[in-house]
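Asker: mind folding the following:
(2 chains)
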Amino acid sequence: MNYYLRRTVRIPLTILAVATFTFGLIRLLPGGPFTQLRIQLIRQGVPAEQVNARIEALQNIRPDAPLWQQYLDYLIGVAQLDLGRSISLNAPVIEILARALPWTVFLVVTSTVLMFVIGVLIGAIQAYKEGSRFDKVASGSSIFLMAVPYYIFAVLFLFFLSFQLNLFPTGNAVERGIEASLSAEYFLSVLHHAALPIIAFTIGGVGSTALNMRGNGIQVLGEEYVEVARLRGLPDSRIATKYVAKNAILPMYTGLLLLIGFRLGGTVVLEQIFSYPGLGYYLISAVNANDYPLMMGCFLVITVTLVIAVYIADLTYGLIDPRISAGDSDGY
Amino acid sequence: MATNTDTNTSPTDDTASKRVVDDPILEIEDTNVTYSEGDTYVLEDVNVTIDRHEVLGIVGESGSGKSMFASALLDAVPDPGLLTGKIHYNRKDGSTVDILQMSDEELRQFRWEEISMVFQGAMSSFNPTMKVGSHFKETLRTHDKNVSEGMEFARELLENLYLEPERVLDSYPHELSGGMQQRALIALSMVLDPEVLVMDEPTAALDLLMQRSILQLLDNLQSEYDLTIIFITHDLPLVASLADRMAIIYAFQFAEIGPRDEIIGNSAHPYTRELLNSTPNLDAPLEDMQPIEGEGPAPVNVPSGCRYHPRCQLATEKCRTDDPPFSPVDGGGGHRSACHYREEAREEIPLNFGKTAEDFDQQLVSDPTDGPNAGSTATLETTSDTPLLSLDDVEVHFGEEQSLIERFTQDPTVVRAVDGISLDIEEQDLVCLLGESGCGKTTLGKTMIGLQKPTGGSIEYRGHDIWEAKAGNTDIPYKEVRSALQIIHQDPGSALNPNRRIADILTEPLRHTHPNIGRAERRDRMHSLLERVGMTPAGDFLERYPHQLSGGEKQRVALARALLMDPDAILADEAISAVDVSLRIGIMDLMLELQAEFDTSFLFISHDLSNARYFAEHGDGRIAVMYLGEIVEIGSAERLIHDPRHPYTEVLRWATPNLDLDAMDAEDPPIREIDVPDPVDPPSGCRFHTRCPVAREACREEQPKLAELDDGDGAAACFREDPNHAYWNSEPLDGAAENPEGLEQH
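Answerer: Modelled structure (predicted):
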């Protein structure tokens, strides 16, 4: 139990560190966001005496207050989920993020799980048939898939399947005019729009997962306990699932949830290509529009999601691998 | 094809002859295992018969093909090995099958139900993510057995192996100690009540006391469940106490087979005889223990003629060209040997333990001044008053990691690895730390050479506190202390950087000790040292990488590296247990010679009393027996072996296999519990009281102090040393002997 407690206590501490980092980063940026903001506001014709007040409203920060005061204000704002107001979209940052985040999470989680499942299956077959023709072809393809960045696939899909063949839409998460509801029409539309981004994002990761699984699988197949299990006459199906698969996937499991967090950042390019209204899409537009509050918000959300993913990974790892819950991990 | 008739050839062999009847369970004919399309033999031309209900001990060095033989019996040779020949298995009902002709399904049923196997590494034989109990259940289910009846039998087995069935079955493998895992694995291999148990080095990873206890339990299991046991090991004396018959494998062939007493007492193969002579034991005079020169051949490079001829002192031209037949010795009796010169071997190679312990005792009695006192006075003369290393009430406690919250809610769990030890090490001294795994001997060793910071007490090097020196608070530079105290690790393979040549590895320490010498002189020094540690031609070895050396050679390099630092003390942490048995004595001799030459002290850590004895007796040193973080007895090797004062020392003495045929058939272990208590929560009073055969109520309450012996050298921590102690009037604990005097006759 102490293991879980220890991990839980670490969460708020990590988030605090991340928020501090975001705050510091913004202050340290060359030129500084406030200079930028001030210039912008003055250009918009805001009277000079009102500029500080406007900045305060936008950023939750009083630019003339001492640093510690600004820091505290910012933290209190974050704790109250008040991340300021977006300059370019003129809406509360938290609202924009709340709208965008589900789409991104949907993309990332679906594609990562797909990638993991497909990769593990291919890798497991490769490990069992080590040295066969299938193994060689699959290894070659995996290396090819690892070498080509996912956005190349994205662009190719978009060009051929959407623009040339008109099979898929070229933007948005759902058909215009369809209300969010539990209807089949809505779900089909969502899937139709998400299909290409998900496939493109999945293909890029399958290669490394398969190679990883192949390596682990071959190692586990060489373990003595697999040999003993065979001698004990256990059916091959049981050995494949309980002995080989479980022990081979285990070390990849933490990697999987880490990957989900990591791939959140990868959506920036993906969503831009498919004009998919997720977190990455807004992050790019925020950067382009010098919209610092929105940028900070996106940054914070992505890191917090990463922290939570790692946390879930650590917690559930203990349930899957008995050696972890004891608090010592001499096995791995 | 030899038939194995009654093996009753020796009058002392009556237990064996009762068991061995003319009823073979396995007949192995012309069996080979080949690799690379028949070019490389890893098991060649095996013709052996195994009798029902016998214990056959098979001994061979590492890489001699003995594990291949084990796998062949289950037709489970690892790919791409090819197994050919005939292995007939005679069922109880009289029908016979050839294992190599079985279909996959027949084989699946045959394995574990008829012939079962126990592997060396118990940790790696269990699925780490599955509970031990599930292993039993799935095995029963797969073989269509009644699971609840089977589990009942499993519990019975576990209980017979001194385990708590419920606890073990409900644990994950990593939650059990090594000895417990190994016993659980034995139970798992017996859960389908097989006829034959093939054991491939089942105890090699355990310490000696656990090995012997397991062997004892095996002996009981064998008679209770009518098992046939094939016990494969590199450790000849270990299996000798259990086996009815023994076989020696050398370079992928059987070199000799026969009844145990014949093999031990009257063997007819030079390899067996030299192997017996090279085995450290407690009975033989030290000067007669001789290592075998050279090492066993690799499968791609097997010598022509007799395979042993390159290492054999009797080899002639005939041995180089003609392969000796594996034929009966002395006209039968089941003793067969593959040697042209059996009679010569018996005459030319006398067995050293034949000179019984009596000569040895006489020698001890007639020349008492040559004992430990002579040694200690000698060292006292050469040194000033300050010892080289001085430990004062040293404690090393490992606290388990705790979070902020736990610090308020729970008591810290502390492992007392070393608990209050005071010990002085003189210049050119030699101390062996002896004890079971988990008793803190490695921690104490590391503390002694300043690698582990003690949590209490102090450790001084020539009067300067090592940790003060590290902090820069003394006038002696820490660098000097650091280079004066060196270590040789257990596994030389992982102690040498695999990416550097031997020359580079040895240059490093020379740069520290002699920064001003040139390249040529460095090379000269390395050259002469390598030659000194027996690695010739040195120039050739200097250019090699560690993986191109054998285990023994690697350990020599590690030793040379330590010596180049010009140390005052070297810690050798189980430094010879990774080396093949036949080479151990060679390495130990080398260490002892170099100790005198290089003027160093040695701290030698071992779990094996016979190794410690060899070391301590040759080097005029002391043996310190450790138990759960404390030294319970210390003294010269002679005194410890012939007159042990602490019951734990006696237990270790029992655990040390000897080759004396009369005393060989082992009695029950003189301990009440096989497993070491948890060091987090050591027993109150005398820590040994939970296992001590003579413990009484007094031991439970009061902790005995390490006290100098009145009538012998050294010290012991036991109430039985004090004739007036309350111990003698208190009640014996549950299971302990009523009359402790009986133990002393032991």
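
Asker: list the residues that contact B:L163.
Answerer: For B:L163, the contacting residues are B:180, B:183-184, B:187, by CB atoms under 8 Å, 6 or more residues apart in numbering or on different chains. Bear in mind the C-beta positions are built from the backbone N, C-alpha and C, glycine included.

Asker: try it again at 10 Å.
Answerer: Contacts were defined as CB atoms under 10 Å, 6 or more residues apart in numbering or on different chains; by that measure B:L163 touches B:132, B:155, B:157, B:169, B:176, B:179-180, B:183-184, B:187, B:674-675.

Asker: once you drop chain neighbours, what's closest to the residue minimising distance to the centre of chain B?
Answerer: Centroid-nearest residue in chain B, with CA atoms, centre = their mean: B:L208, separated by 5.7 Å. Nearest in space to B:L208, with sequence neighbours left out and distances taken as CB to CB, 6 or more residues apart in numbering or on different chains, is B:A655 at 4.8 Å.

Asker: one more: B:P325?
Answerer: B:A338 (6.7 Å).

Asker: what about the one you found, how many residues nearby?
Answerer: Neighbours of B:A338 under the rule other CB atoms under 10 Å in any protein chain shown: 24.

Asker: give me the secondary structure label for the closest residue to chain B within the stretch 1-150 of chain A.
Answerer: Across the stretch 1-150 of chain A, no residue is closer to chain B than A:R6, which sits at 4.2 Å (CB to the nearest CB). Following DSSP: H, G, I helix; E, B strand; the rest coil, we place A:R6 in the helix state.

Asker: and it, how many neighbours?
Answerer: Counted with other CB under 10 Å, A:R6 comes out at 17.

Asker: and A:T170, how many neighbours?
Answerer: By the criterion of other CB under 10 Å, A:T170 has 15 neighbours.

Asker: check B:P297 too.
Answerer: 18.

Asker: one more: the one 5 residues further on?
Answerer: Under the neighbour criterion other CB under 10 Å, B:V302 is assigned a count of 15.

Asker: for the nearest residue to it once chain neighbours are set aside, which residues are in contact?
Answerer: Nearest non-adjacent residue to B:V302, counting by CB to CB, 6+ apart: B:A251, 5.9 Å away. By CB under 10 Å, 6+ apart, the contact set of B:A251 is B:41, B:44, B:60-61, B:63-65, B:271, B:296-299, B:301-303, B:306-308, B:311.

Asker: ok so, going back, the residue nearest to B:P325 touches B:H269, doesn't it?
Answerer: Yes. Using CB atoms under 10 Å, B:A338 is in contact with B:H269, at 6.9 Å.

Asker: in which helix or strand does the nearest residue to B:L564 once chain neighbours are set aside reside?
Answerer: In space, and not counting its chain neighbours, B:L564 is closest to B:P509: 3.9 Å by CB to CB, 6+ apart. Using DSSP states H and E, B:P509 falls within helix B:502-513.

Asker: and if you look at B:P194?
Answerer: In this structure, B:P194 sits in neither a helix nor a strand according to DSSP H and E.

Asker: doesn't B:K92 make contact with it?
Answerer: No. With contact defined as CB under 10 Å, B:P194 does not reach B:K92; the gap is 11.4 Å.

Asker: overlap in contacts of the two?
Answerer: Joint contacts of B:P194 and B:K92 (CB under 10 Å, 6+ apart) are B:E114.

Asker: more crowded one of those two?
Answerer: B:P194 (20 against 10).

Asker: which residues does the closest residue to the more buried one other than its chain neighbours contact?
Answerer: Excluding its sequence neighbours, the residue lying closest to B:P194 (CB to CB, 6+ apart) is B:S116, at 4.0 Å. If you count contacts by CB under 10 Å, 6+ apart, B:S116 has them with A:231-232, B:74, B:139, B:186, B:188-199, B:227.

Asker: restricted to strands, list those residues.
Answerer: B:196-199 (DSSP state E).

Asker: before we move on, the earlier item: would you reformat the contacts of B:L163 as CSV and include pLDDT?
Answerer: Shown next, in CSV, are the contacts of B:L163 (pLDDT from 0 to 100):
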residue, pLDDT
B:V132, 92
B:R155, 94
B:L157, 93
B:L169, 93
B:L176, 85
B:G179, 85
B:M180, 88
B:R183, 90
B:A184, 92
B:A187, 93
B:I674, 80
B:D675, 81
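
Asker: closest one to B:G420 out of these, please.
Answerer: Comparing the contacts of B:L163 against B:G420 with CB to CB places B:D675 closest, at 23.7 Å.

Asker: got the domain boundaries for the chain?
Answerer: Using chain A. According to automatic domain parsing, chain A comprises the domains A:2-79, A:105-288.

Asker: sorry, I should have been clearer: chain B.
Answerer: Split by automatic domain parsing, chain B gives B:14-114+B:194-266, B:372-499+B:545-744, B:500-544.

Asker: per-stretch mean pLDDT over these, give me the minimum one.
Answerer: Across the domains of chain B, domain B:372-499+B:545-744 has the smallest mean pLDDT, namely a mean of 81.

Asker: tell me how far it is from the chain's mean position?
Answerer: Put simply, domain B:372-499+B:545-744 sits 16 Å off its chain's centre (CA atoms, centre = their mean, to the nearest Å).

Asker: quick one: B:I25 and B:T228 touch, right?
Answerer: Yes. Using CB under 10 Å, B:I25 is in contact with B:T228, at 5.3 Å.

Asker: so what sits against both of those two?
Answerer: Common neighbours of B:I25 and B:T228 (CB under 10 Å, 6+ apart) are B:50-54, B:115, B:195-196.

Asker: which one of these sits closest to chain A?
Answerer: Using CB to the nearest CB, those come closest to chain A at B:I115, 9.4 Å.

Asker: give the contact list for A:T14.
Answerer: A:303-304, A:306-308, A:310-311.

Asker: try 8 Å
Answerer: A:T14 touches A:V307, counting by CB under 8 Å, 6+ apart.

Asker: surely it is within a strand?
Answerer: No. Checked against three-state DSSP, A:T14 lies outside a strand; its state is helix.

Asker: against B:T233, how distant is it?
Answerer: Here the criterion is CB to CB, to the nearest Å. By it, A:T14 lies 53 Å from B:T233.

Asker: what do you get for B:P454?
Answerer: In this view, B:P454 and B:T233 are 38 Å apart by CB to CB.

Asker: the two: who's more crowded?
Answerer: A count of neighbours by other CB under 10 Å puts B:T233 above the other of B:P454 and B:T233, at 26 against 23.

Asker: wait, what's in contact with the more buried one?
Answerer: By CB under 8 Å, 6+ apart, the neighbours of B:T233 are B:57-59, B:201, B:203-204, B:239.

Asker: for the residue nearest to B:I292 when sequence neighbours are not counted, helix, strand, or coil?
Answerer: Nearest non-adjacent residue to B:I292, counting by CB to CB, 6+ apart: B:S582, 4.3 Å away. Following three-state DSSP, we place B:S582 in the helix state.

Asker: list the contacts of stretch A:272-284.
Answerer: Residues outside stretch A:272-284 that contact it (CB under 8 Å, 6+ apart) are A:96-97, A:99-101, A:103-104, A:107, A:151, A:154-155, A:158, A:170-173, A:193-194, A:196-197, A:264-271, A:294-295, A:298-299, A:301-302.

Asker: which of those residues are buried?
Answerer: Among these, those buried by neighbour count (16 or more other CB atoms under 10 Å in any protein chain shown) are A:96-97, A:100-101, A:103-104, A:107, A:151, A:154, A:158, A:173, A:193-194, A:196-197, A:264-271, A:294-295, A:298-299, A:301-302.

Asker: count the residues that sit near A:V109.
Answerer: A:V109, neighbours per other CB under 10 Å, totals 15.

Asker: circling back to that earlier point, residues contacting the residue nearest to B:L564?
Answerer: B:561-562, B:564-565.

Asker: change it to 6 Å
Answerer: Contact analysis of B:P509 by CB atoms under 6 Å, 6 or more residues apart in numbering or on different chains lists B:561, B:564-565.

Asker: from B:A560, how far out is it?
Answerer: 9 Å.

Asker: what do you get for B:L215?
Answerer: Counting by CB to CB - B:L215 and B:A560 are separated by 37 Å.

Asker: with that, I have no additional questions.
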